[in-house]
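# Sequence and predicted structure are below.
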Amino acid sequence: MYPRFFLTVLPVLLSVVVPSLSLPVQSSDLVSVEARSFDLSSDSQAVFARDVADDSSLFERDDVEFEIVARADDEDIFRRATPRPKVSKAAQTARKDAVRAKVTHNQGANASKKAALIAANHPPQGKPARKKYKKDANGHITSGWRADARAKGFRPPKQPKTPKPNMAKGEHKTNAKAVASQAAANARRQAKKAAGRAHHAPINAIHEHTRTHGNMPARDAKYHVPGHGTLKGKAVRTGAYNLAKQEVYGHKKDKYPVAFKNMEQGPPGGRHVPIPTMAGHGHEYPINNQRHGFHATSTENPGPVRGIYQKNAAGGYNIQGVVAHDTTKKEGDAGYNDHHLITPTHGP
């Protein structure tokens, strides 16, 4: 027990005594001490001694002195990193304002210098001819001072980016150019709306008399046309509006409206007028279920259904009836152009 204790304590004693004596240590002595300190067998000691002795960088010279140097504390070796000082909001704002002021000053100074140089070296002599630059197969300019500078490896310095303006949370960016552009767009939109209102004002005045003094059917009224489908009362009211539009802005070359004379029709012995309750002539205009109805300048097929309108005393239009052609007959058949009165119904 005691010999093993001394072998364990021996390296510690050497660490204290050897630095004071500065005695040379042989490789064989160090190997034997290390081997005994680890309590190795005889075979293991031989292998350990051979491996350590092969390290010529440590034990090839007899004059090498070994010293055990005491390490310093961890806090002396690894210094604790000091955090960067936090820049306050006021300091950031001041720095940005300084950059903005510098950029504004430089822009004004450069503009004035450029104007002075141009005025001194290039007096105005009329508009110069546009210079034609040479380009390669890829479309890149190969002549001029920019191309020459690029060929020499010159790159112009990058201009500093102007900081964004200081804005409170929720505040929108105010750009003078953008504000002016948006104001101009708003003015154009308002002018376009005003022109549209002025354009439709006389049409709306006529249609207002049609709505208040006319006998327009209800919007949910239904006109069942055999072989064609069902039209709503709204289509009749839209036809009256389009007729007012033709009255104001119509052209004599437009195909509709046409005069409806309510003439007798049918075979001999059974002739009758299409609308018995109508007196005088009226206006015939195509109607359909489309949102804006039938346009008089359209080249599409107007369909077989017509609305028959007459002017009322107030200046609007009254509906005298809805008539339709017989869709089962072909052109040239007897009664092909006859008009058949369609009676409106309410409900499905």
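Structure received. Residues are numbered from 1 along each chain as shown.

# can you give me phi and psi for Asp136?
Backbone dihedrals for Asp136, given as degrees, to the nearest 10, come out at phi -90, psi -170.

# What distance do you get for it to Thr142?
5 Å (C-beta to C-beta, to the nearest Å). Placement of C-beta: from N, CA and C, glycine included.

# OK, contacts around the residue lying closest to Ala313 once chain neighbours are set aside?
Spatial nearest neighbour of Ala313, chain neighbours left out: His213 (7.4 Å); criterion: C-beta to C-beta, 6 or more residues apart in numbering. Counting by C-beta atoms under 8 Å, 6 or more residues apart in numbering, His213 makes contact with Asn312, Ala313, Ala314, Gly316.

# Determine which two of the residues you listed are furthest apart.
Longest distance between any two of the contacts of His213 is 9.0 Å, between Ala313 and Gly316; criterion C-beta to C-beta.

# Comparing these two, which shows the higher neighbour count?
Neighbour count, other C-beta atoms under 10 Å: between Ala313 and Gly316, Gly316 has more, with 21 against 8.

# how close does the more buried one sit to Arg211?
Plainly put, Gly316 is 7 Å away from Arg211 if you go by C-beta to C-beta.

# what does Gly270 give?
The gap separating Gly270 from Arg211 is 38 Å, by C-beta to C-beta.

# repeat for Ala149
Note on Ala149: its distance to Arg211, by C-beta to C-beta, is 74 Å.

# If you count surrounding residues, which of these two has more?
Using other C-beta under 10 Å as the criterion, Ala149 and Arg211 rank with Arg211 on top: 15 against 12.

# returning to what we had before: look at Asp136 and Thr142 and report which has more neighbours.
Higher neighbour count among Asp136 and Thr142: Thr142, with 13 against 9, using other C-beta under 10 Å.

# from what I can see the more buried one touches Asp148, true?
No: Thr142 is beyond contact range of Asp148, at 9.6 Å (criterion: C-beta atoms under 8 Å).

# thinking again about what came up before, in TSV, list the contacts of His213 along with secondary structure, pLDDT and distance to Pro302.
Below are the contacts of His213 laid out as TSV (DSSP: H, G, I helix; E, B strand; the rest coil; pLDDT from 0 to 100; distance: C-beta to C-beta, whole Å):
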residue	secondary structure	pLDDT	distance to Pro302
Asn312	coil	90	25
Ala313	coil	89	29
Ala314	coil	89	28
Gly316	coil	91	23
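
# which among these gets closest to Asp338?
Of all the contacts of His213, Asp338 sits closest to Asn312, with 27.4 Å by C-beta to C-beta.

# In three-state terms, label the nearest residue in space to the closest one that is not next to it in sequence for me.
Nearest residue to Asn312, sequence neighbours excluded (C-beta to C-beta, 6+ apart): Asn318, at 4.8 Å. Here Asn318 is strand, with the state taken from DSSP: H, G, I helix; E, B strand; the rest coil.

# same deal with Tyr309?
From three-state DSSP, the assignment for Tyr309 is strand.

# can you start the count at 261 instead of 1 from here on
Done: numbering now begins at 261, and the last item shifts to Tyr569.

# Quick check: closest non-adjacent residue to it.
Nearest to Tyr569 is Tyr577, by C-beta to C-beta, 6+ apart, at 4.4 Å.

# Also Thr603?
The nearest residue in space to Thr603 (C-beta to C-beta, 6+ apart) is Tyr483, at 8.0 Å.
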